[in-house]
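Asks: coords below, sequence missing:
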């Protein structure tokens, strides 16, 4: 074999797979009748989706008055949810683009599902700015189109408009990137199918043939799209943070916001990837492709970004004190000790303290701890956005207009509803598409498969021993932590 | 690409990309004209052996991106300096720093959409296309070398068959596409 592998690197594909087994393992879940677990999950998700449709209809019918926003707190759960979902939507492109440029092979096991998650999360995020306009049917006003009012153009200097461009560009580019990766895999599914199913997958695969020149262009396209997506993914949450940072509200008007938001986005995105991957790998039997090594790598990213976010929180506090500006000082005093102190505590506990557990290797490699942690981080990051948005607005410059905000049932149902929308889309995705990138996994098999570990390196003659050992290790790991 | 004439193809399937690469090398040595090579995943080192020039897709991407940059920047400039100048927050009409985010986003958007459309167009792929495939296992675990045999004599076909045998093909088939 030409591949040279470090015997020290943990294999990323276990179980001594062949190319055909990879195809079989990853494509067969789309060919079987759905399992009971899937059906139950789908029913729950669709119920959530129905709740979403109902709450949106209610909001439009009754008006924004059905929410508890007031003159002081103009952004509440709506924008909190928007920023939360957009943040979650950052992990997919980060994994598929930045890790591709860094040549991190472990991205291959999780990129497909993470990108799908990104797209669905951005769909959920996009709902909130639209709904909170109140008059949804005038939503097209945000686009610069020649109109009969002059034409009067949109304000290109406004961060809210930058956001329109950033989110829609991000959604489009992520979708193109994801779909281009799916095309060869849809062809694999097509070639295993007969009749109508074959015709459908031929349409989905754009009639891919696997010709050498097409692969060459496909790789070139993927690389450039990755190069484009890397600054794009960083720009999106930067621009979201501009929505706040360019205003003159104490607590928002800070230069730390862009990097702090981007780190938080990666943090929450990886947490959501973990939530989904831990379940997906188990239900679809993909433990050989999404291994503990993958989970550990992602937990390291969570630890790093969680700590960056923690440093950002403390920096904010320090700068507020150091600025000597009383309004800024009050804003942060109010965040920590004001009426919303509980959300600040929740944020600190979930985002900064709990991920520190991941300094311990045992916990990084524990499925149970990973899953619980991912839920903690999801909750913590929601609190963070709530702290930034509602807490800050509730106590502004004029004490006479101070207010307290609690959501109505409509706002709560809207949020739960987007979870329904998200999981409905994700569950459909795992039924119709290969959850792991089949072609890409095959291309790394000989450098990252466990039966090749030690091959070509100094341990070549210990090949068999290494193989047996690797298997043993893997079994041990999975049984040790996997099935609590 | 869109030849009306049917192609008679003789193709061999290999079980491993290493065998494929060696077979392509051998074919080059024997001066056999390969019609195409089909693989389940991109095989590195294949392009130079087949004499495939580097893809120019990234150049196209650069051009599309530049069009996006110019479109966004010039349009915003025109709107705020010519068509309907408005003062926002006491800033100049032509406030370049505020144009950067949208200019960047449209650069990326134009480059991405342009490249993807170009990719599918030059590859002859779109939803509803019906490109002939040689074997269903090519997208699974077989690596395929195909020769066109429309005008080949019997000896030439035999020579191709013995080439496949000699280079370790696990299967040799003929097909009209």
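Replies: Sure thing, it's come through. Please read these numbers as outputs of a predicted model, since none were measured by experiment.

Asks: is it true that residue B:126 touches residue B:120?
Replies: Yes: counting by C-beta atoms under 8 Å, residue B:126 does reach residue B:120; the two are 5.8 Å apart. From N, CA and C alone the C-beta is placed, and that goes for glycine too.

Asks: surely residue A:287 is within a strand?
Replies: No: looking at residue A:287 with DSSP: H, G, I helix; E, B strand; the rest coil, it is coil, so not inside a strand.

Asks: so which bits of the stretch 51-200 of chain A are right by chain B?
Replies: A:144, A:150-153, A:155-159, A:161-162, A:165-166, A:169, A:172-173, A:176-177, A:180, A:183-184, A:187-188, A:190-192 (C-beta under 8 Å from any C-beta of the partner chain).

Asks: quick one: contacts for residue A:412?
Replies: Residue A:412 sits next to residue A:77 when contact means C-beta atoms under 8 Å, 6 or more residues apart in numbering or on different chains.

Asks: show me the longest helix that occurs in chain B.
Replies: Counting residues, the longest helix found in chain B (DSSP state H) is helix B:96-122.

Asks: helices or strands up against that helix?
Replies: helix A:159-192, helix A:212-245, helix B:57-78 (3 or more C-beta pairs under 8 Å, 6 or more residues apart in numbering or on different chains; DSSP states H and E).

Asks: who has more neighbours out of residue B:126 and residue B:120?
Replies: Higher neighbour count among residue B:126 and residue B:120: residue B:120, with 18 against 12, using other C-beta atoms under 10 Å in any protein chain shown.

Asks: quick check: closest non-adjacent residue to the residue nearest to the spatial centre of chain B.
Replies: For chain B, the residue nearest the mean C-alpha position is residue B:123 (5.5 Å; C-alpha atoms, centre = their mean). Nearest non-adjacent residue to residue B:123, counting by C-beta to C-beta, 6 or more residues apart in numbering or on different chains: residue A:214, 5.0 Å away.

Asks: can you list the low-confidence ranges for chain B?
Replies: B:1-4 (pLDDT under 70).

Asks: how about stretch A:278-298: buried residues?
Replies: A:278, A:280-282, A:284, A:286-298 (16 or more other C-beta atoms under 10 Å in any protein chain shown).

Asks: please disregard the earlier target; I meant stretch A:315-324.
Replies: A:316, A:320.

Asks: what's in contact with that stretch?
Replies: Taking C-beta under 8 Å, 6+ apart as the rule, stretch A:315-324 contacts A:254, A:256, A:260, A:328-329, A:331-332, A:336.

Asks: return a ChimeraX selection command for the buried portion of those residues.
Replies: To isolate the buried members of the contacts of stretch A:315-324 in ChimeraX, using 16+ other C-beta under 10 Å:
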select /A:254,260,328,329,331,332
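
Asks: show me the contacts of stretch A:315-324 that map onto helices.
Replies: Those of these lying in helices (DSSP H): A:260, A:328-329, A:331-332, A:336.

Asks: nearest to residue B:41 among these?
Replies: Ranked by distance to residue B:41 (C-beta to C-beta), the ones in helices among the contacts of stretch A:315-324 are led by residue A:260 at 39.5 Å.

Asks: quick one: what helix or strand has the residue lying closest to the closest one once chain neighbours are set aside in it?
Replies: Excluding the flanking residues, the one nearest residue A:260 by C-beta to C-beta, 6+ apart is residue A:312, at 3.9 Å. Using DSSP states H and E, residue A:312 sits within helix A:292-323.

Asks: need the helices and strands packed on helix B:96-122 in TSV (columns: distance to residue B:138 and mean neighbour count).
Replies: Converted to TSV, those look like this (distance: least, C-beta to C-beta, whole Å; neighbours: other C-beta atoms under 10 Å in any protein chain shown):
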stretch	distance to residue B:138	mean neighbour count
helix A:159-192	7	22
helix A:212-245	11	22
helix B:57-78	23	17
